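Novice: Fold the stuff below for me.
(one chain, ligands or ions: 1)
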Amino acid sequence: MDSATLTVTDGLAVLTLNRPQAANALDLSLKTALLDGVRSIAADDTVRAVLIRAEGRNFCVGQDLGEHAAALGRSPERSMDTVAEHYNPLISGIAALEVPVVAAVQGACVGAGLGLALAADVVVASEGATFATAFTAIGLASDSGLTRTLVDAIGAVRTRAFILLGTKIPAAQALDWGLIAQVAPDDEHAATAEKIARRLAGGPTAAFAAAKSLIAESLPSLDDALERERASAGPLAATADHRGAVEAFLAKRRPEFTGR
Ligand SMILES: CCCCCCCCCCCCC/C=C/C(=O)SCCNC(=O)CCNC(=O)[C@H](O)C(C)(C)COP(=O)(O)OP(=O)(O)OC[C@H]1O[C@@H](n2cnc3c(N)ncnc32)[C@H](O)[C@@H]1OP(=O)(O)O
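Specialist: Numbering: from 1, shown residues only. All right, here's what the predicted structure looks like:
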């Protein structure tokens, strides 16, 4: 089964995360498939809008911690190579697409899953969706551009508390905070997101591209934030807190942090 699928019809590219059995946790196969999909979309001049969606109950729970634990065991610093090889080009690639990108989010949207959603232009969430960063709970700081996209969406004060406290917020609060654009009933959100994406696919594509470019140029660089996050990941991967927290998650017990 493909970890991600891509279809293009009538100018709409639909990129689907397809690891529902693992809550769409980002393992090497899914990261690679998503990156290939985004690169294919960027090269396809018939695409006029993109819908990013996910199969199953959860949009995406971030890095697959089982895969990560194995990589940590081999080499903590090297385990973070995937940030430069997959995460950063994926988020940067989505944000750089010159067509409108809609993300349809249901269930858990967490960690790099949140980064993936916020790389889109319009996030449509189901009422039952929840949003969290999850990084500090496993001894990390941030990645997938959230130190830029979260600050742009909800401001530095809320972002600091959201990341430091590791809170999980419901879709209604995400909407109130300005994190997402729309909330729809659980049984309507997928159709609502697709309807918006199809409407954008039939719209003034050049105007959409110019609007996205003007807004991006008015903000500090996402790529600079991605590079700063990458540089912070290696040293954090080597901490006892990070390794202990990943082991605790997989053993389904509470982590004990020592600050080192
Ligand atoms: C070949 C080389 C490979 C190298 C690979 C190296 C990897 C390097 C990593 C790089 C790190 C930098 C980039 C980081 C990106 C991130 O995303 S970091 C954040 C990662 N995500 C998390 O920490 C989230 C952890 N999960 C949770 O907090 C909760 O599960 C939840 C998402 C809030 C949902 O909670 P709840 O609804 O209570 O459900 P649960 O029972 O907790 O989970 C349901 C099942 O899903 C499994 N699961 C959830 N999240 C993950 C995950 N991230 N990885 C793996 N599995 C996950 C969970 O274990 C449950 O499974 P079962 O017990 O089998 O049902």
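
Novice: Could you chop the protein up by domain?
Specialist: Per the record, the chain has its domains at 4-202, 205-251, by the TED database.

Novice: Next one: the helix or strand encompassing residue 152, is it in contact with the ligand?
Specialist: For residue 152, the host element (DSSP states H and E) is helix 146-154. No. Contact between helix 146-154 and the ligand is absent, the nearest approach being 9.6 Å (criterion: Cβ under 6 Å from any ligand atom). From N, CA and C alone the C-beta is placed, and that goes for glycine too.

Novice: Would you mind identifying the next helix or strand past that helix?
Specialist: As assigned by DSSP H and E, the chain's next helix or strand after helix 146-154 is helix 156-165.

Novice: quick one: contacts of that following helix?
Specialist: Helix 156-165 is contacted by residues 133, 135-136, 141-142, 146-147, 150-151, 154, 167, 169, 177 when judged by Cβ atoms under 8 Å, 6 or more residues apart in numbering.

Novice: can you rerun that using 7 Å?
Specialist: Here helix 156-165 makes contact (Cβ atoms under 7 Å, 6 or more residues apart in numbering) with 133, 135, 136, 142, 150, 151, 177.

Novice: show me where pLDDT drops low in the stretch 51-200 of the chain?
Specialist: Within the stretch 51-200 of the chain, no range satisfies pLDDT under 70.

Novice: Tell me the spacing between residue 149 and residue 37.
Specialist: Computed with Cβ to Cβ, to the nearest Å, the distance linking residue 149 and residue 37 is 20 Å.

Novice: Then residue 107?
Specialist: To residue 37, residue 107 is 21 Å away according to Cβ to Cβ.

Novice: Can you show me the strands along the stretch 151-260 of the chain?
Specialist: For the stretch 151-260 of the chain, strands defined by DSSP state E, counting those that start in this stretch occupy the ranges 168-170, 182-184.

Novice: Check the offset of the first one from the chain's centre.
Specialist: What that stands for is strand 168-170. 15 Å (Cα atoms, centre = their mean, to the nearest Å).

Novice: Check stretch 166-181 too.
Specialist: 15 Å.

Novice: for it, how far is the first residue from the last?
Specialist: End-to-end span of stretch 166-181 (Cα to Cα, to the nearest Å): 22 Å.

Novice: Near the ligand, which residues of the stretch 51-200 of the chain? Just list them.
Specialist: 61-68, 71, 79-80, 82-83, 87, 108, 110-112, 132, 134-135, 138, 140, 143.

Novice: Recalculate using a threshold of 8 Å.
Specialist: Along the stretch 51-200 of the chain, the residues adjacent to the ligand under the rule Cβ under 8 Å from any ligand atom are 58, 61-68, 70-72, 79-83, 87, 107-108, 110-113, 115, 130, 132-135, 137-138, 140, 143-144, 168.

Novice: Now intersect those residues with the strands, please.
Specialist: Members of these lying in strands (criterion: DSSP state E): 108, 110, 130, 132, 168.

Novice: who wins for neighbours among those residues?
Specialist: For those, the largest number of neighbours (other Cβ atoms under 10 Å) sits with residue 110, at 26 neighbours.

Novice: Where does the stretch 151-260 of the chain get nearest to the ligand, residue-wise?
Specialist: residue 233 (5.4 Å; Cβ to the nearest ligand atom).
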